[in-house]
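>>> Sequence and predicted structure below; questions after.
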Amino acid sequence: MEKFQGKAIFRGIAIGKILFHEKAAQPVKRSGVEDTKAEWERYEKARDQAIEELHELYEKAVKEVGEVNAQIFEVHAMMLEDDDYNDSVRNIIENQKLNAAYATATTGDNFAEIFANMDDEYFRARSVDVKDISERVIHILNGGKAPRQLTEPAIIVAEDLAPSETVQMDKDKLLAFVTKLGSSNSHTAILARNMNIPALINIDIQESWNGKMAIVDGMESCLIVDPDEETLALYKRKLQEEEEKQKLLQELKGKETVTKSGKKIKLYANIGKASDVASVLGNDAGGIGLFRSEFLYLDSDTYPTEDEQFAAYRQVAEMMGGKKVIIRTLDIGADKQVDYFHLDKEENPAMGYRAIRICLDRKDIFKTQLRAIFRASAYGNISIMYPMIISVNEVRQAKAVAEEVKQELKEAGIQYGEVEQGIMIETPAAAVISDMLAKEVDFFSIGTNDLTQYTLAIDRQNSKLDPIYDSHHEAVLRLIQMTVDNAHKEGIWAGICGELASDTTLTERFVKMGVDELSVSPPLVLRVRKEIRETE
Ligand code: PEP
Ligand code: MG
């Protein structure tokens with residue numbers, strides 16, 4: 001037995017076998033299709049082949065493991081014939097004009113999430129099956145070259161993981177991540193939290209661990225390889241205790257997010273794609289405080305069209321049924337790189353050509369996104385949020401483009417709803433002039449990940465500096481207080497959507513500061529609700 005100390009980016013315990021991660025051979029890419037009829041037929045053919053394979057597997061399994069155990073393959077075949085499942089794939093291919101593999105993957109993710117959040121144990125267990133059948137179809141669509149998939153539950157050990165690799169991993173089989181590189185505020189770490197997966201970084205990984213039994217302890221920030229019987233038994237008990245704590249949190253579903261003295265706090269969730277909405281609803285968040293729209297761009301190999309974006313935003317707005325959905329406009333750059341933007345290589349990308357700077361420069365891209373957002377606003381309660389703001393002038397320019405888009409839609413007779421416009425406060429400049437900015441917008445949302453990076457001059461991506469990347473630094477907390485006070489002086493609300501929002505050691509302080517909203521990873525919503533309800 002060997003123990004290695006690292007840094008936890010998500011608390012929680014996992015016990016399982018280690019699998020060394022190799023780079024994905026062929027991830028499911030999102031791409032546009034012109035001939036949607038042909039693409040649908042391609043899907044139908046792949047689906048029928050998958051059903052046939054499943055029948056064959058059933059016959060084989062009956063002989064090998066008996067009728068009862070073989071039934072699962074017949075259930076899988078039936079799932080592939082399900083109308084709701086097929087309608088969803090068809091809808092994505094025909095209405096969003098997207099490729100069949102992507103449509104199948106998205107449908108699989110969505111349905112799996114819905115099953116995973118059901119109360120009934122039997123239905124919860126179907127979540128894995130939906131994933132399985134979707135993978136089978138994708139495998140056939142890819143000409144037999146399946147995207148890399150985990151075949152059994154595993155602790156993934158890797159040098160490093162990119163956000164795109166992380167997001168494509170099969171959540172049901174992924175027990176934990178352990179990486180050598182990475183930092184606790186990278187987007188990979190954020191995704192791990194969104195996916196509710198224990199994760200450790202800064203571990204000196206060894207290839208010889210492949211296949212060995214291990215324990216990831218996110219509370220003590222350590223990895224135990226080849227645990228002895230006694231340690232294994234101890235951790236199995238701890239895991240059970242954790243699961244019981246989680247069950248208790250479920251009792252907070254449907255309860256108000258209110259302090260003991262009666263102050264109501266808006267408790268929202270952060271998402272990166274439409275399929276995260278099931279988890280937002282499953283964890284009873286009051287809205288979406290940050291929809292990182294750039295994941296639509298990251299998941300694609302070409303610019304997502306207005307219609308594609310409209311369909312995604314509309315889907316989220318409709319699924320949220322009137323609850324607030326704050327869509328942040330494109331925030332690429334730094335660790336979120338998109339090849340087809342052909343951005344120049346920069347010395348200092350975090351401080352470079354990114355986010356609103358690109359949007360105000362390449363208005364065509366910006367307008368396409370804003371048109372999609374405004375069109376979707378007719379179907380729900382959508383707000384827009386602009387990232388990386390440093391000046392009043394930028395806000396005015398962004399709002400002028402939004403005005404232009406509204407005018408065009410009006411002239412074309414296209415419906416749109418009431419849309420509030422807010423900004424991220426994630427640069428020290430924005431926090432310092434928040435008195436001026438508050439006069440221009442409807443709300444502030446404080447991005448503590450970047451605010452910490454820029455205030456402390458510490459690259460959030462640099463694993464070496466991770467130990468001194470300190471979001472509790474007095475300078476950061478003072479900027480938060482200043483922002484909240486300036487928002488209130490102008491009668492607008494201020495929330496936090498950076499990772500600090502879910503740091504329960506600060507919840508009481510945020511309430512005292514007057515923070516109106518906290519937006520956190522969906523799996524952390526109930527934990528934060530508990531903390532707020534225990535605060536004076
Ligand atoms: C932030 O900077 O705190 C934030 C929420 O945005 P992102 O993490 O996507 O940069
Ligand atoms: Mg940011």
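Okay, I see it. Numbering: from 1, shown residues only. Ligands and ions are numbered 1, 2, ... in the order given.
>>> need the helices for the stretch 151-300 of the chain, in chain order.
Here the stretch 151-300 of the chain has its helices, by DSSP state H, counting those that start in this stretch, at 163-168, 187-194, 229-250, 277-282, 294-298.
>>> E440 is nearest to which of the ones you listed?
helix 294-298 (23.3 Å; Cβ to Cβ). Yep, even glycine has a C-beta here, placed from its N, CA and C like the rest.
>>> For I18, grab phi and psi.
phi -80, psi 140 (degrees, to the nearest 10).
>>> Kindly state the pLDDT recorded for it?
According to the prediction, I18 has pLDDT 94.
>>> Residues in a beta bridge with it, which ones?
I155 (DSSP bridges).
>>> what about it, how many neighbours?
26 (other Cβ atoms under 10 Å).
>>> quick one: secondary structure of the residue located most distally from the centre of the chain?
Within the chain, the residue lying farthest from the chain centre (Cα atoms, centre = their mean) is K63, at 42.7 Å. For K63, the assignment made with DSSP: H, G, I helix; E, B strand; the rest coil gives helix.
>>> same deal with M482?
Classification of M482 using three-state DSSP returns helix.
>>> Could you check the helix or strand harbouring D364 and say which residues are buried?
In the assignment (DSSP states H and E), D364 maps to helix 363-376. Within helix 363-376, the residues that qualify as buried by neighbour count (16 or more other Cβ atoms under 10 Å) are I365, F366, K367, T368, Q369, L370, R371, A372, I373, F374, R375, A376.
>>> quick one: low-confidence ranges for the chain?
Filtered on pLDDT under 70, the chain yields the residue ranges 22-27, 60-61, 64-66, 68-70, 125, 144-149, 162-169.
>>> Up against ligand 1, what does it have?
Within the chain, the positions near ligand 1 by Cβ under 6 Å from any ligand atom are L290, R292, D331, E426, G447, T448, N449, D450, C497, G498.
>>> Now that the second one has come up, it's in contact with I327, right?
So the one you mean is R292. No - counting by Cβ atoms under 8 Å, R292 stays clear of I327, with 9.2 Å between them.
>>> Quick check on those two: which one has the bigger neighbour count.
Ranked by neighbour count (other Cβ under 10 Å), R292 and I327 place I327 first, with 26 against 22.
>>> so the more buried one, which of the three states?
Assignment for I327 (three-state DSSP): strand.
>>> In contact with S279: list those residues for me.
For S279, the contact set (Cβ atoms under 8 Å, 6 or more residues apart in numbering) comprises E113, N117, N194, A269, P522, P523.
>>> tell me which element the first one falls in.
In this case it means E113. Element membership of E113, judged by DSSP H and E, is helix 100-116.
>>> Show me what that helix is packed up against.
helix 36-65, helix 83-95, helix 121-141, helix 277-282 (3 or more Cβ pairs under 8 Å, 6 or more residues apart in numbering; DSSP states H and E).
>>> what sits up against the second one?
By Cβ under 8 Å, 6+ apart, the residues outside helix 83-95 that reach it are 33, 36, 39-40, 43, 47, 79, 98-100, 102-104, 106-107, 110-111, 130, 307, 311.
>>> before we move on, the earlier item: what about the residue farthest from the centre of the chain, distance to ligand 1?
Separation of K63 from ligand 1 (Cβ to the nearest ligand atom, to the nearest Å): 52 Å.
>>> ok, now F111?
According to Cβ to the nearest ligand atom, F111 stands 27 Å off from ligand 1.
>>> ok, that residue touching V130?
Yes - in this structure, F111 is within contact of V130 by Cβ under 8 Å, at 4.4 Å.
>>> so S463 touches I203, yeah?
No - contact between S463 and I203 fails when scored by Cβ under 8 Å: they sit 10.9 Å apart.
>>> Enumerate the residues of this protein near ligand 2.
E426, G447, D450 (Cβ under 5 Å from the ion).
>>> how about L479, phi and psi?
Backbone torsions of L479, given as degrees, to the nearest 10, read phi -70, psi -40.
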